[in-house]
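**Q** I'll drop the sequence and a predicted model, then ask my questions.
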Amino acid sequence: MKFSTNTSLIIIVLLVVGAGFGIWSAVKNADAEAELTPFAQCLGETDTKFYGAFWCPHCQSQKELFGKAKKDLPYIECSTASRSQKQECTDAGIESYPTWVFADESVLTGEISLETLSEKTGCILPGQEESMTEIEVEIETPVAEGEIIKTEE
């Protein structure tokens, strides 16, 4: 099969564009994962605990939300190699995986969104700092009856 010059040029352009997109996507994902490191570390600093088991698919999915920052999670492995529960998890009352236990002793089970973890712990997600500083608060000042308020025009 013989390709024309135009067809060959189109194929080369598509390959270059595809490779460029792949590299850009990998860099972007690495940056996003790196941004979650402070969030994952904050979870541990707030006495939050994430109980799971190596064989639990929901635990693996929960960890994957953090990308490379999963190594910074306050994760406690509850399973032994024979899949029995470790004593630490039994003592903590863990009955299902994943289980998140917070400083106020509240408990959430199942895969929990990053937003919910942020709300429960006060840990700030990447991008929340900007959105929080952009919020304008309108303060109403009480005015005595008959008082004249001067406004700048």
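**A** Structure received.
**Q** Hmm, Pro98 and His58 touching each other?
**A** Yes. With contacts counted by CB atoms under 8 Å, His58 reaches Pro98, the gap being 5.7 Å. The way it works is simple: take the backbone N, C-alpha and C, and place the C-beta from them, glycine included.
**Q** which of these two has more neighbours?
**A** More crowded of His58 and Pro98, by other CB atoms under 10 Å: Pro98, with 23 against 15.
**Q** dump the residue contacts of the more buried one.
**A** Pro98 is in contact with Phe50, Tyr51, Gly52, Cys56, His58, Cys59, Gln62, Thr109, Gly110, Glu111, Ile112, counting by CB atoms under 8 Å, 6 or more residues apart in numbering.
**Q** at 6 Å instead, please
**A** With contact set as CB atoms under 6 Å, 6 or more residues apart in numbering, Pro98 has these partners: Gly52, His58, Cys59, Gln62.
**Q** Now the second one. Its backbone dihedrals?
**A** Yep, that's His58 we're talking about. Dihedral pair for His58: phi -70, psi -30, per degrees, to the nearest 10.
**Q** pLDDT value on it, please?
**A** You'll see His58 listed with a pLDDT of 98.
**Q** Apart from its chain neighbours, what residue comes closest to it?
**A** Closest residue to His58 apart from its sequence neighbours, by CB to CB, 6 or more residues apart in numbering: Glu111 at 5.3 Å.
**Q** Farthest-apart pair in the contacts of Pro98, please.
**A** Gly52 and His58 (8.1 Å; CB to CB).
**Q** Output the lowest mean pLDDT helix or strand found in the chain.
**A** Across the helices and strands of the chain, mean confidence by mean pLDDT, DSSP states H and E is lowest for helix 128-133: a mean of 53.
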